[in-house]
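>>> Test case, fold it:
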Amino acid sequence: MDDNLHSPQRQLIELRIEHADLDDLIDRAALDRPVDDLVLRRLKKRRLLLRDQIARLEAQLDPPEPA
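Got it, this is the predicted structure:
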């Protein structure tokens, strides 16, 4: 059972959820109230890092086929 908790597929799902949550948070923060620019930049940077991690994991799970 522990294998499922740390599997690459599970990590990918968790990263996608976190990325979607950050997307929502950034969108709401921009609309609702004036937000500290530093906080917004940090959130966006974290979102980009998550996107990179997702891309790496996807490449590991489904490597491109050789030409």
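>>> Where does the prediction get shaky in the protein?
Flagging of the chain using pLDDT under 70 yields the residue ranges 1-3, 67.
>>> 90 instead?
Along the chain, segments meeting pLDDT under 90 span 1-8, 27-41, 60-67.
>>> show me where it has strands.
Counting by DSSP state E, the chain has no strands at all.
>>> And the helices in it, which stretches?
Taking DSSP state H to define them, one finds helices in the chain at 2-5, 8-32, 37-61.
>>> Could you dump these into TSV with mean neighbour count added?
All C-beta atoms are positioned from the backbone trio N, CA, C, and that covers glycine. Converted to TSV, the helices of the chain look like this (neighbours: other C-beta atoms under 10 Å):
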stretch	mean neighbour count
helix 2-5	7
helix 8-32	13
helix 37-61	13
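>>> Next, the contact list for Ala20, please.
Contact partners of Ala20, counting by C-beta atoms under 8 Å, 6 or more residues apart in numbering, are absent.
>>> For Ala59, see how far away it is.
To Ala59, Ala20 is 20 Å away according to C-beta to C-beta, to the nearest Å.
>>> Leu22 too?
Distance of Leu22 to Ala59, computed by C-beta to C-beta: 21 Å.
>>> same check, this time on Lys45
Taking C-beta to C-beta, one finds Lys45 at 22 Å from Ala59.
>>> Equivalent analysis for Val35, please.
33 Å.
>>> measure Arg28 to Asp37 for me?
Distance check for Arg28 against Asp37: by C-beta to C-beta, it reads 16 Å.
>>> correction: Glu18
22 Å.
>>> Repeat that for Gln9.
From Gln9 to Asp37 the distance is 36 Å (C-beta to C-beta).
>>> go on, Leu57?
To Asp37, Leu57 is 31 Å away according to C-beta to C-beta.
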